[in-house]
Each structure stands twice: as C-alpha cells, then as structure tokens.
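Enquirer: Any chance you can model this:
(one chain, ligands or ions: 2)
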Amino acid sequence: MADYDFDVLVIGAGPGGYVAAIRAAQLGLKTACVESRETLGGTCLNVGCIPSKAMLHASEYFEAAAGGAMAKMGIKVKPELDLDTMHGQRRDAVKGLTGGIEFLFKKNKVEWIKGHAAFVSADTVSVAGRNVRAKNILIATGSSVTPLPGVDVDNAKGIIVDSTGALELAKVPEHLVVIGGGVIGLELGSVWRRLGAQVTVVEYLDALLPGMDGDVRKEAARIFKKQGMTLKLSTKVTAAKVKGKKAVLTVEPAAGGAAETLEADAVLVAIGRRPNTEGLALDKAGLSVNARGQIETDHDFRTSVSGIWAIGDVVPGPMLAHKAEDEGIAAAENIAGHTGIVNHDVIPSVVYTSPEIAGVGLTEEAAKARGAVKVGKFPMMANSRAKTNHEGEGFVKIIADAASDKVLGVWCIASVAGTMIAQAAQAMEFGATSEDIAYTCHAHPTHSEAIKEAAMAVTGKPIHI
Ligand code: FAD
Ligand code: NAI
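Expert: Residues are numbered from 1 along each chain as shown. Ligands and ions are numbered 1, 2, ... in the order given. Predicted coordinates for the structure are as follows:
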C-alpha cells in the first residue's frame with residue numbers, strides 16, 4: 001500500500017460505482033470515487049430511475065383524478081395541473097437522494113474526487129490535474145444516450161430531446177413523438193400522455209419492448225393503444241428537423257417504402273444507451289472495448305488487465321441500476337479477497353408504466369429454444385384484489401422446465417408487477433419448482449396470489465379460472 005494513494009479507486013458514482021465504493025470501505029479498504037457530475041448517484045439518481053419515477057408517480061395520480069378512475073370509486077375531483085410543482089417535487093427527490101449518497105460517502109470515509117478521470121497507466125488516473133495511484137481501479141462509468149443520425153437532440157430548446165430533456169419539458173406538448181418503443185419511450189411517453197399529450201411511438205421492430213416475453217409484448221401493445229397511444233411499429237425515422245416551435249419528422253416503413261411526415265411539438269429520442277468509455281484513455285491502461293463498445297470482464301468482474309475491474313452499464317448485460325449495484329458489491333468483495341457473485345440468470349426487469357410490466361429469467365421463446373417447457377398463465381381479472389381495485393388488466397405467466405418443473409421465467413403485467421416480481425426472483429434464486437410456489441401460502445387478498453395461481457396453472461390446476 002505504501003506507494004499507492006488508495007486500495008480502491010472507483011471511476012463513476014452511479015448505482016454501480018457508489019455502492020462498490022461504500023462496500024469496499026466497509027471491508028476496510030482505503031477507497032476513493034471519482035465523479036465528474038456535480039452530484040453523486042449517476043444516471044439513475046440524477047436523470048434516470050428516480051426522476052422518471054417521480055414524474056410517473058405524480059402523473060399517475062393526475063390521470064386517476066382526471067381520467068375517471070377515482071370517480072369509479074366515488075371520489076369526484078376536477079384536477080388542475082401545476083407542472084412547476086410537479087417538476088419541483090421531482091427535483092426535490094433527486095436532491096434528497098443524491099445528497100444522501102454524499103452523506104454515506106462521508107459516513108464510510110469514501111473520498112469523493114471531483115472531476116473527469118482518464119488513465120495515465122494501468123494503476124494511475126489523472127483527475128483535475130492530479131495523478132491518483134491505486135492498487136485496484138474499478139471502472140463504473142455507466143452509459144449515455146445513443147444518438148440517432150439525422151436527429152439532433154437539443155435539450156435546452158426542448159423540442160427534440162433525449163430522456164433528460166423529456167423529464168424537464170416546461171409545458172405539456174400537444175403532440176409528442178417518441179422514437180423507440182423501449183422502456184424509456186413507454187415510461188416517459190406515459191408521463192406526458194397522462195398529462196394531456198397525444199403520443200405517437202415510432203418503433204423500428206414489429207413489437208414493443210425487445211427482449212421481453214412475446215405474450216407480454218403483444219399485451220403491452222394492446223394496453224398502450226387502449227390508453228390512447230398511437231403505435232407505429234415496423235417504422236423508422238430517417239430525419240427530424242426543427243421548424244419554428246415544431247419538429248417535422250420523416251418516417252418510412254422499416255422494410256423500405258413510401259415516406260411520410262409527422263409534425264410534433266416535442267420529439268423524444270429513446271433508441272437505447274451506449275457505454276461511456278470516451279475520454280477514459282483506456283489504451284493507456286492496456287484495455288480495449290468489444291464491438292458494442294463495452295469493457296469485457298470475467299465472472300469476477302476482472303478486466304483483461306490485472307488490478308482493473310469493471311461493472312454496470314459499461315460492461316455487457318442489461319443496463320439496469322440493480323444489476324449495476326449487485327455487480328458493485330460483488331466486485332468490491334472480490335477485490336477485498338472475499339467471494340462476490342452475481343447470478344446473471346436472475347435479474348428482474350420492470351417497466352414502470354400503468355399497469356407495470358415485469359419479468360425475470362427466460363422468455364417462453366428462449367426457454368423453448370432450450371427444451372420442453374410447461375407454461376401456466378393466470379389473468380389479473382381473476383385475482384380478487386386486482387379486480388376489486390379496478391386493476392384487472394394483465395396476467396402472470398410462469399415458464400417451467402417440462403421434466404424438472406424448475407421455474408425458468410416469470411412474467412407479469414399488473415398494477416404492482418414490479419413489487420410482485422421480487423418473490424419470483426427469490427424463488428428462482430433458490431431453484432424453486434412451480435410446485436414450490438403453488439404450495440407457498442400467499443396472503444389474501446393480494447395481487448401476489450396471481451403468482452401462486454399461475455404456478456398452479458403450470459399443472460393445469462388453478463382455482464379461480
Ligand atoms: P451510471 O449511473 O451511468 O453512472 C456512471 C457515472 O460515472 C456518471 O455519473 C458519470 O458522470 C460518471 N463518469 C463517467 N465517466 C467518468 C469519468 N471518466 N470520470 C468521472 N466520472 C465519470 N434502471 C433501473 O434499474 N430502473 C429504472 O427505473 C431505470 N430508469 C431509468 C430511466 C432513465 C430515463 C434512464 C436514462 C435510465 C434508467 N435506468 C433504470 C437505467 C439506470 O439508470 C442505469 O442502468 C444505471 O444508472 C447504471 O449504473 P452505472 O453505475 O453503471 O452507471
Ligand atoms: P431500449 O433498448 O429499451 O429501447 C430502444 C427501442 O428503440 C427498441 O425497441 C429499439 O428497437 C428501438 N429503436 C432502435 N433504433 C430505432 C430507430 N432508428 N427508430 C425507431 N426505433 C428504434 O432503450 P431505451 O428505452 O432508450 O432505454 C435505454 C436503457 O435504459 C435500457 O436498456 C433500459 O434497460 C434502461 N432503462 C431501464 C428502465 C427500467 O428499468 N424501468 C427505465 C428506463 C431505462
């Protein structure tokens with residue numbers, strides 16, 4: 001340690017990096033974390049998970065009041081939108097949580113080095129004119145928006161924006177065109193639709209939400225259409241230009257064909273994210289990236305260079321905060337000489353629309369490609385709590401191995417699917433069979449009983465359908 005400044009230097013204070021730094025410090029390692037943003041917490045806390053959920057939550061209340069869901073329960077209100085206050089509570093949430101990480105750094109004696117880090121050599125980075133040498137360097141630099149050629153994002157102008165700009169729109173656009181029917185497009189598209197915008201989603205593929213189970217993708221499209229979104233599937237945007245206060249988009253069928261134009265008051269570009277490695281001078285450390293721009297690691301999060309580790313959005317795998325966090329903990333434990341493991345087969349994903357959409361493990365399509373499966377499905381309409389709450393849309397689907405009955409995947413569309421999926425992930429982590437779930441006592445009346453019934457449906461014996 002004598003000639004090192006730190007045992008561990010983490011680059012990036014997102015959910016991967018800050019969690020890794022705290023765990024490393026907890027394990028007795030002298031730790032610093034470099035972050036170039038003004039506040040800690042990365043994409044997730046500053047411009048991602050947290051502010052988007054603040055707007056989703058608030059807009060859900062607005063729609064429940066304005067759209068008649070409350071009236072159905074005998075509560076008559078005429079809501080008025082105060083968008084400035086809505087944005088204010090979003091900023092407060094971000095401020096509180098990012099400040100909380102600063103407190104945790106102080107509490108755990110993690111030094112925050114402010115500035116942009118670039119490698120000087122395999123064990124040294126330069127930050128704000130200072131060279132910092134560390135025994136272990138953990139790259140947790142996250143990801144940024146993938147640009148779309150021909151479509152220039154200008155968040156300050158607020159007409160063609162990315163997710164950061166879409167969180168900040170100063171007024172509700174009359175017509176919002178979302179490019180990309182993935183997670184960001186559907187979450188932020190839902191926010192502005194609920195607040196009064198007409199929303200058109202232009203998606204290159206023939207279905208929304210790539211990577212999710214086929215039934216879920218079909219049902220999601222039906223639900224979003226019913227909610228009033230216009231879906232233009234198998235369609236690509238070839239250009240978008242700002243003309244005065246509007247944007248004019250050129251779209252054409254993905255397979256080629258006649259182009260048409262769309263006019264919009266705001267355009268959200270949400271076609272994916274790409275790893276942040278620019279400006280890191282990886283070559284000075286002897287590192288390179290793969291064809292997708294990611295830093296490859298082994299099972300322990302070691303890169304090809306001894307002493308350099310990587311986690312989160314900058315490495316392969318789903319770009320999710322909880323995946324980054326778990327990798328951060330595991331990497332820190334490995335650095336400290338413990339055994340840190342992440343089971344990448346059991347990483348839940350949730351789309352926080354209404355209803356929520358969640359899944360863990362294999363899709364039915366992927367499971368079938370590996371061998372014979374049994375599938376149990378249960379509609380939320382037959383779940384007493386969901387039906388009573390007027391939340392009957394969606395279903396739970398459980399995919400189990402035909403021979404062993406081991407659960408391979410669980411998919412839900414339900415008002416609280418994001419909460420429900422945790423029990424499925426835990427069951428899968430313990431190698432549960434569908435029978436294990438079917439014979440677990442679930443409290444009544446809860447939405448989670450639909451998971452039990454879907455498990456019972458794997459053997460064809462649900463009670464309530
Ligand atoms: P990041 O959070 O991107 O953090 C990396 C940090 O490193 C950044 O703060 C960056 O400034 C810093 N950095 C980069 N390079 C350097 C450098 N050279 N020197 C110093 N600092 C550097 N995921 C979920 O699981 N749930 C959600 O609900 C969810 N919602 C989202 C909503 C939106 C709108 C977006 C955009 C993303 C959302 N995500 C969500 C994804 C989630 O934010 C990311 O998966 C997660 O933040 C990745 O964590 P990370 O630590 O790898 O990187
Ligand atoms: P995404 O990968 O989820 O969706 C992008 C969509 O854009 C895809 O459906 C893709 O087919 C489509 N697309 C690509 N190019 C296109 C083009 N030229 N024209 C039209 N459509 C095109 O990416 P998104 O929504 O940008 O989100 C980025 C990441 O952030 C995701 O990987 C996700 O994991 C993470 N995220 C997670 C959230 C959550 O967990 N709730 C919320 C928001 C983001």
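
Enquirer: Going by C-alpha atoms from here, please, whenever you check contacts or count neighbours.
Expert: Noted.

Enquirer: Got phi/psi on the residue nearest the centre of the chain?
Expert: Closest residue to the average C-alpha location of the chain: residue 320 at 4.6 Å, with Cα atoms, centre = their mean. Per-residue torsions, residue 320: phi -130, psi 140 (degrees, to the nearest 10).

Enquirer: likewise residue 29?
Expert: In this entry, residue 29 is assigned phi and psi values of phi -90, psi 140 (degrees, to the nearest 10).

Enquirer: what's the burial count for it?
Expert: 19 (other Cα atoms under 10 Å).

Enquirer: That one touches residue 10, doesn't it?
Expert: No: with contact defined as Cα atoms under 8 Å, residue 29 does not count as touching residue 10 (12.0 Å).

Enquirer: Look up the pLDDT of the residue nearest to the centre of the chain for me, please.
Expert: With respect to pLDDT, residue 320 scores 98.

Enquirer: do residue 1 as well
Expert: At residue 1, pLDDT is 56.

Enquirer: any idea which element residue 294 lies in?
Expert: For residue 294, there is no helix or strand it lies in under DSSP states H and E.

Enquirer: Could you do residue 368 as well?
Expert: Going by DSSP H and E, residue 368 is in helix 364-370.

Enquirer: Report the buried residues of that helix.
Expert: Of all the residues in helix 364-370, those buried under the rule 16 or more other Cα atoms under 10 Å are 364, 367.

Enquirer: Report the separation between the residue nearest to the centre of the chain and residue 44.
Expert: Residue 320 sits 9 Å away from residue 44, going by Cα to Cα, to the nearest Å.

Enquirer: Give the phi and psi angles for residue 112, as a check.
Expert: Torsion angles, degrees, to the nearest 10, at residue 112: phi -90, psi 120.

Enquirer: ok, and the closest non-adjacent residue to it?
Expert: Spatial nearest neighbour of residue 112, excluding adjacent residues (Cα to Cα, 6 or more residues apart in numbering): residue 33 at 5.0 Å.

Enquirer: Quickly find the element holding residue 126.
Expert: When elements are defined using DSSP H and E, residue 126 is found to belong to strand 124-127.

Enquirer: can you give me the mean pLDDT across that strand?
Expert: Strand 124-127 comes out at a mean pLDDT of 98.

Enquirer: what does stretch 379-389 give?
Expert: Taken as a whole, stretch 379-389 has an average pLDDT of 98.

Enquirer: Stretch 429-445 too?
Expert: Here stretch 429-445 scores 98 as its mean pLDDT.

Enquirer: what does that stretch contact?
Expert: Applying Cα atoms under 8 Å, 6 or more residues apart in numbering, the external contacts of stretch 429-445 come out as 346, 384-385, 398, 400, 404-407, 427, 448-449, 451-456, 458.

Enquirer: cool, and stretch 415-428?
Expert: The contact list for stretch 415-428, computed with Cα under 8 Å, 6+ apart, reads 346-352, 354-360, 386, 391, 393, 407-408, 410-412, 437, 447-448, 451.

Enquirer: quick one: contacts for residue 126?
Expert: 117, 118, 119, 120, 132.

Enquirer: which of these tops the neighbour count?
Expert: When neighbours are counted by other Cα under 10 Å, residue 117 leads the contacts of residue 126 with 28 neighbours.

Enquirer: picking up where we left off before, for the closest residue in space to the residue nearest to the centre of the chain that isn't next to it in sequence, phi and psi?
Expert: Closest residue to residue 320 apart from its sequence neighbours, by Cα to Cα, 6+ apart: residue 313 at 7.2 Å. Phi and psi for residue 313, reported as degrees, to the nearest 10, are phi -60, psi -20.

Enquirer: how far away is residue 313 from ligand 2?
Expert: Going from residue 313 to ligand 2 by Cα to the nearest ligand atom, to the nearest Å gives 9 Å.

Enquirer: roughly how far is the longest helix along the chain from the heart of the chain?
Expert: If you go by DSSP state H, the chain has its longest helix at helix 83-108. Chain-centre distance of helix 83-108: 19 Å, with Cα atoms, centre = their mean, to the nearest Å.

Enquirer: so what secondary structure elements neighbour it?
Expert: If you count contacts as 3 or more Cα pairs under 8 Å, 6 or more residues apart in numbering; DSSP states H and E, helix 83-108 packs onto helix 15-26, helix 42-47, helix 49-66.
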